[in-house]
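# Sequence first, then the predicted structure, then my questions.
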Amino acid sequence: MMHWIIAPVLLPALLAPVIGYVMRHDITLARVASMAGAVGLLGIAVHLVVMASGGETLVYRLGDWPAPFGIVLVLDRLSAVMVLLTAILAVIVLWHACASGWDRQGRHFHAIFQFQLMGVCGAFLTGDIFNLFVFFEILLIASYGLMIHGGGRERMRAGLQYVVINLAGSTLFLFALAVLYASTGTLNIADLALRLREIPADEAALVRVAAILLMVVFAVKAALFPVHFWLPGTYSNAPAPVAAFFAIMTKVGAYSIIRIHNLVFGPGVEATDGLMAGWLFPGAVVTIAIGALGVMGARQILPLVSFAVVGSMGVLLIAVASFTPAAFAAGLYYLVHSTFAAAALFLLADLVLHRRGSGALATLPATAQNGLFAALFFGAAIGIAGMPPLSGFLGKLLVLDALRAPEVIVWAWVSVLAGSLLTIVGFARAGSVLFWKSTVVTAPASASTGSSAQDTPAPVTTAELVPVFAALAMLGALAALAGPVAGYFEATALQLFDHAGYIESVLGTGRGE
Amino acid sequence: MEVVVASSIGVLTASGIYLILRLRAFPVILGLAMLSYAANALLFASGRLAINMPPVLSKYGEASYTDPLPQALVLTAIVISFGMTAVLVMVALASYLEAGNDEVNMDAPGTGAADEKAGS
C-alpha cells in the first residue's frame, strides 16, 4: 500500500534502460513503451493524489530505517499534486514529440526523457535534502541530454551555457549542504526543521549562510532575478517538446523554495527569521519586470515565449515570498496554470515555426491553416497573460487577493498588473504581426521559385494538434473547476504550514514539539 | 590542520570562480572541476577533522570516532561531479566542433533578444 509512494521514481528508472538498450533500434517500440510509461505514471499519480487527499503526511522509509538515519520519501498534498502535474505534462509533451517527429532527430530521446521523469518525481517526493541534491543531478543530467537533442550550432552553444550554469549551481548546493550538516548534524528535512528551531539567533551565522546559498541554488532553477539570465537562451534553443517539458523544471525550483524555505528556514524559526522574504520579494518584482520587458522586446517567437515564462515565474515567486497560507494556495494554483500555459505556447510555437521556417516576428506569407494557428495562439496568449476566461486570470486574481498586506500591496499589485499589461501588448503585437498582417502579404517571390512545392510542409494533422488542445483544455478545466481546485490548494497550504505535523509524521510521535 | 584545510578550500574556490569567469570552454571546465574539489573538501570537513579515528563506534572503551556520513556524502558527490564533468567535456567538445571556437557566450545573431540577455 505505502509502496505506491516510490512507484513514480521506480517506474521511469526501470523503463529508461529497457528503452535505451533493448528498443533503441525501433522507434515505434520506444514510443509505445515511453507513452505507456507516462500513462502508467499518470495512473500512479492519480492514486497518490487520492492517497494524500485525506490530509495525512505519508512516509515511506527506504530499507525500513527509522527517519533521521535512513532516507525517507514523503507524500503530502503538495508532492502528490506536483507528481500529477508532471505526469500530465509528460503525456502531452511525449505525444507532441512523437507526432512531430522530434524524437527521431537524435538518439535516445525516450530513454533520457524517462530519466528526466524519474529525477523530477524524485525531487518532489524526497524527504531528505541530500537525496534532493541527488535527484536534482538526475534531472539535470537528463535535461542536458534533452537540451542538446538534435544538435546544431546554436543549440550546442546554448546547451554548453546551460550545463555550465547548472554545474555551478550544483556546486553551490554542495557547499550549502556541507555548511548545513556541519552546523546541525542531520540532512533529513524534518530533523533539520527541528534542529534549526533550537539554534539561538546569535549562533546562527553559518545556518544563515546555508539558507541563502540554498536560496540561490533554487533561484537558479526557478529563473529568479538576478540568476534568471540562462532561461531565455536555453528555452529558445531547446527542442520545442523539451522546452515545453522544461516548464516543470522551473517549478522544481519553486517547489524546493516552498518546501525547504518554508519548513526548515521558514516563518517562526528564530535563526533565519525574516531572511527569505527580504530577498525573495524584490527579486520576484524585478523578475516580473524583466519578463514583461523581454516579451515587449522579443523579435523572435521562442524568446517571446521564454520571457513570458520568466514573467510567470516572477508572479509565482511573489506569491511564495510572503510565506502565508493564502498566498501559497494562490501561488500553487498559478503554478499549475503557468506550467500548462507555457507548455501550450511552446508546442504551438513549434508547429508555427515548422511551417514558417523562421521564428522572426515579421510579416511572411500566410501559411496554410493560418486561422487555426491564430486562434490557438491567442488562446494560449490569453492564458499566459492572465485574461478571462482562462485560468491565468483567476490565478493572478488569487495572487493579488492574497497580497493585501500593507507592506507588499503597492509593489506586488503594480508589478503584477503592469507586467500583465505589457505581456498582453507584447503578445497581441506578436500575434497580429505573425497571423493577421501576414495574410496581406502575397509574396510572389517565394511562390514562384518552385522550391516551395517541396518545402511547404504538410498541413497540420489532428495528431499534431492534440497536445496543444490538451494543454489549452487543462487551462479551461482549471478555470471551470476553480472552486474545487482552489479548495484543494488551500488545504495543501494549511498542511504546508503545519510544520509540527510534518515533523511528527516523519520522525515519529512526540518529536514534533 | 584547520588552517591548511580552510585556506586550501578558499584558494580552490577562488581560482575556480576566476576560471569560470574566463568564459572559454577549457578554463570553465577546469574551474568547475576546482569548485567541485573545494565543495568535496568542505563536505568532508563538515564532519569535523579527525586523524586516525575509526569511522564507526568501537565496542571497546574509547568513544572517539570520526563521522562516517560525510565520507559517504563525499563519495556520492565525487561520483556525480565526475560524471557531470564528463558530460560537460562532451558538450563543450560538440559545441567547439559545431561553432569553431570555444567561447561560452552566445554571440551569434539570429536568436534576437535571447542572446543579448544570455550574453550579458
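Now that the structure is in, tell me what you want to look at.

# So which residues of chain A form strands?
A:58-61, A:72-75 (DSSP state E).

# at contact distance from chain B, anything in the last one?
Going back to what we said before, that points to strand A:72-75. No. Judged by Cβ under 8 Å from any Cβ of the partner chain, strand A:72-75 makes no contact with chain B; its nearest approach is 15.6 Å. C-beta coordinates here come from the backbone N, C-alpha and C atoms, glycine included.

# what's that strand packed up against?
On a contact count with 3 or more Cβ pairs under 8 Å, 6 or more residues apart in numbering or on different chains; DSSP states H and E, strand A:72-75 meets helix A:27-52, strand A:58-61, helix A:109-125, helix A:499-507.

# tell me the most buried of these?
Burial of these is given as mean neighbour count (mean count of other Cβ atoms under 10 Å in any protein chain shown); helix A:109-125 ranks first at a mean of 27.

# and the angle from it to helix A:27-52?
Angle of helix A:109-125 versus helix A:27-52, following axes from the mean of the first three to the mean of the last three Cα atoms, to 10 degrees, is 10 degrees.

# Would helix A:109-125 count as contacting chain B?
No. For helix A:109-125, no contact with chain B is found by Cβ under 8 Å from any Cβ; the gap never falls below 11.7 Å.

# what about that helix, distance to the chain center?
13 Å (Cα atoms, centre = their mean, to the nearest Å).

# ok, of the strands of chain A, where does mean pLDDT dip lowest?
Ranked by mean pLDDT, those bottom out at strand A:58-61, with a mean of 90.

# That one packs against which elements?
Counting contacts by 3+ Cβ pairs under 8 Å, 6+ apart, strand A:58-61 packs against strand A:72-75, helix A:499-507.

# Distance to residue A:422 added to those, as TSV?
Output for those, formatted as TSV (distance: least, Cβ to Cβ, whole Å):
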stretch	distance to residue A:422
strand A:72-75	40
helix A:499-507	38
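
# Tell me, how many residues neighbour residue A:404?
Neighbour count of residue A:404, defined by other Cβ atoms under 10 Å in any protein chain shown: 13.

# mind checking how far it is from residue B:14?
Plainly put, residue A:404 is 46 Å away from residue B:14 if you go by Cβ to Cβ, to the nearest Å.

# same question, residue A:49
For residue A:49, the distance to residue B:14 - Cβ to Cβ - is 48 Å.

# Kindly report the same for residue A:199.
29 Å.

# Tell me which of those two has more neighbours.
Between residue A:199 and residue B:14, residue A:199 has the larger neighbour count (other Cβ under 10 Å), namely 18 against 13.

# How about that one, nearest residue that isn't a chain neighbour?
Excluding its sequence neighbours, the residue lying closest to residue A:199 (Cβ to Cβ, 6 or more residues apart in numbering or on different chains) is residue A:271, at 4.4 Å.

# Let me know whether that neighbour touches residue A:201 as I believe.
Yes. Counting by Cβ atoms under 8 Å, residue A:201 is a contact partner of residue A:271 at 6.0 Å.

# these two touch, right, residue A:279 and residue A:216?
No. Residue A:279 is beyond contact range of residue A:216, at 9.3 Å (criterion: Cβ under 8 Å).

# who's in contact with residue A:183?
A:199, A:206, A:207, A:210 (Cβ atoms under 8 Å, 6 or more residues apart in numbering or on different chains).

# try 6 Å
A:206, A:207 (Cβ atoms under 6 Å, 6 or more residues apart in numbering or on different chains).

# State the pLDDT value of it.
89.

# separation between it and residue B:73?
Counting by Cβ to Cβ, the gap from residue A:183 to residue B:73 is 15 Å.

# again, but for residue B:67
10 Å.

# And the two? Which one has more around it.
Neighbour count, other Cβ under 10 Å: between residue B:67 and residue B:73, residue B:73 has more, with 23 against 18.

# and the residue of chain A nearest chain B?
Closest residue of chain A to chain B, Cβ to the nearest Cβ: residue A:233 (3.2 Å).
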